[in-house]
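Trainee: This is the structure alone, sequence omitted:
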């Protein structure tokens, strides 16, 4: 695990804007996690008790760009640097203070903060312990029911970081799985895209199956009306092998067909690469074929 103090002090972006930040501004979330893992963050989250619009304008002016509202209702302003695409999100506390803000987040590994005024590390849910042990843990049942998309986020981070879910987190996801159906399709789509961006992401479909989320995310025409345990045979015998084979083809794309890697990395729309769509399409095809095979077997048994 890397030394967070050194990572923050050496970070050129934070160093270039630090004097513009109000007292009591915190670096939070995924950028803290990435620094601890030795990765250079592409997205920085800053939270403060001060109004954010003026601070964002000052930061953007220094960086030679312009701020815009990412979510005006929730008070989140984004600054994107070109051509790198590195972004800074600036928002006020979700709650009365930083402690309440952190405890209202999704996963323990995303609920750590660094006080840029006092250089103090905050970790109220022991995200550092989970990061060191390589585990994914939802902070609380209430946090999951407040935003059911966090079930998919937990699975996505399990795949991208190759960390298993804590048993209690898995239990909570299965318990509240039907709530995911209330989440907007746009938000679900974004999580699926992110989960399918990594190599060998067929593991994501395996997790969706174990956690009982396939019938929630896919229509009855693909899953049938039966209990999700009846999906295990078509998923594990047909759909997953097809998805895993597609993973291998994408991984070895240039060796199989020189120049094809660039085509697979192209975006069909903002943030959606062809490779991710191929992974999803292969699983859907496998799920459909597996269910058709099941039905053909049932019909043959009735004769």
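Mentor: Structure's in. What do you need? Owing to the predicted nature of the structure, the values given are computational and were not obtained by experimental measurement.

Trainee: For the helix or strand hosting residue 243, name the packing helices and strands.
Mentor: For residue 243, the host element (DSSP states H and E) is helix 240-251. For helix 240-251, the packing partners by 3 or more CB pairs under 8 Å, 6 or more residues apart in numbering; DSSP states H and E come out as helix 202-210, helix 274-302. Heads up, the C-betas are built off the backbone N, CA and C, glycines and all.

Trainee: worst average pLDDT in these?
Mentor: Mean pLDDT across these is lowest at helix 274-302; the value there is a mean of 73.

Trainee: Need the residues that contact the helix or strand harbouring residue 89.
Mentor: Residue 89 is located in strand 87-92, with elements delineated by DSSP H and E. If you take CB atoms under 8 Å, 6 or more residues apart in numbering as the criterion, strand 87-92 is touched by 13, 17, 42-52, 55-56, 59, 67, 70, 74-81.

Trainee: next SSE after it?
Mentor: As assigned by DSSP H and E, the chain's next helix or strand after strand 87-92 is helix 98-103.

Trainee: so what's residue 203 closest to, chain neighbours aside?
Mentor: residue 159 (5.2 Å; CB to CB, 6 or more residues apart in numbering).

Trainee: do the same with residue 187
Mentor: The nearest residue in space to residue 187 (CB to CB, 6+ apart) is residue 149, at 5.3 Å.

Trainee: wait, what's in contact with that neighbour?
Mentor: By CB under 8 Å, 6+ apart, the contact set of residue 149 is 180, 183, 187, 188, 191.

Trainee: Quick check: the closest residue to residue 119 other than its chain neighbours vs residue 120, distance?
Mentor: When the adjacent residues along the chain are set aside, residue 119 lies closest to residue 5, with 6.5 Å between them (CB to CB, 6+ apart). Counting by CB to CB, to the nearest Å, the gap from residue 5 to residue 120 is 10 Å.

Trainee: ditto for residue 274
Mentor: Distance, residue 274 to residue 120, by CB to CB: 45 Å.

Trainee: Comparing these two, which residue is more hemmed in?
Mentor: Under the criterion of other CB atoms under 10 Å, the comparison of residue 274 against residue 120 puts residue 274 first, with 15 against 11.

Trainee: Surely that one touches residue 265?
Mentor: Yes - using CB atoms under 8 Å, residue 274 is in contact with residue 265, at 7.4 Å.

Trainee: Need the residues touching each of the two.
Mentor: Counting by CB under 8 Å, 6+ apart, nothing touches both residue 274 and residue 265.

Trainee: Just the residues contacting the helix or strand hosting the residue nearest to residue 119, thanks.
Mentor: Assigning secondary structure by DSSP H and E places residue 5 in helix 4-10. For helix 4-10, the external contacting residues (CB under 8 Å, 6+ apart) are 14, 15, 27, 32, 35, 36, 114, 116, 119, 121.

Trainee: Spatially nearest residue to the fifth one, not counting backbone neighbours?
Mentor: It stands for residue 35. Excluding the flanking residues, the one nearest residue 35 by CB to CB, 6+ apart is residue 7, at 4.0 Å.

Trainee: List only buried entries from the contacts of residue 149.
Mentor: Those of the contacts of residue 149 that meet the buried threshold are 180, 183, 188, 191, by 16 or more other CB atoms under 10 Å.

Trainee: among the residues you listed, which are in helices?
Mentor: Among the buried ones among the contacts of residue 149, DSSP state H puts 188, 191 in helices.
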